[in-house]
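[1] structure for this input, please:
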Amino acid sequence: PLLCNRIYTAGVDFKTSQSVKTFLENHEKSTERQLRRIYRARNLLVHQGIAVPQLQYLFEKLNYYYSVTFSKVIHDLQDYPHGSVDYSYEHRRQEFEYLSHQLSSSTSPLRVADVLPREEGSAELLLWP
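    Residues are numbered from 1 along each chain as shown. Modelled structure (predicted):
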């Protein structure tokens, strides 16, 4: 049942370009909110010695964010050996902004290559005809 629910939810979230844009905006807000919670918990712990009850959960989230970020930086440095961490950050930020802009624009549809850059053969196919 949980897998069926995940598949159904993914189908709803990725059905149209507008639903993907909404999904990405919600995910961005959620991530920012979690990072603010982590930072507040860190400040309480470091400056006042107070451990919040959700510390374990927040630490797991922080570890996940670190792992994803680190793997993306390593990936970018493999693709662009003369790059840097700053380059990787800027590259990912611009990629996200481009994707958001493409999802907002009805005259500029997304292609498979915009989302899956390494996809062979179907790179020019439109995601939503």
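[2] mind checking pLDDT for Q48?
    pLDDT for Q48: 94.
[3] okay, now it: neighbour count?
    Look at Q48: counted by other CB atoms under 10 Å, it has 8 neighbours. Any C-beta I mention is one placed from the backbone N, CA and C, and that applies to glycine too.
[4] in this structure, where is pLDDT below threshold?
    Low-confidence segments of the chain (pLDDT under 70): 106-108, 117-123, 129.
[5] all strands for it, in order.
    Listed in chain order, the chain contains no strands at all (DSSP state E).
[6] so where do the helices sit in it?
    2-13, 17-43, 55-79, 85-104, 112-115 (DSSP state H).
[7] wait, which of the ones you listed is closest to L127?
    When the helices of the chain are ranked by distance to L127, counting by CB to CB, first place goes to helix 112-115 at 6.3 Å.
[8] return the set of buried residues in that closest one.
    In terms of neighbour count (16 or more other CB atoms under 10 Å), helix 112-115 has its buried residues at D114.
[9] what of stretch 53-71?
    Neighbour count says stretch 53-71 has L58, K61, L62 buried, by 16+ other CB under 10 Å.
[10] follow-up on the earlier one: could the helices of the chain go into CSV alongside distance to L126?
    What follows is those, written out as CSV (distance: least, CB to CB, whole Å):
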stretch, distance to L126
helix 2-13, 18
helix 17-43, 10
helix 55-79, 25
helix 85-104, 11
helix 112-115, 8
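[11] so for W128, which of these sits nearest?
    Of the helices of the chain, nearest to W128 by CB to CB is helix 17-43, at 5.5 Å.
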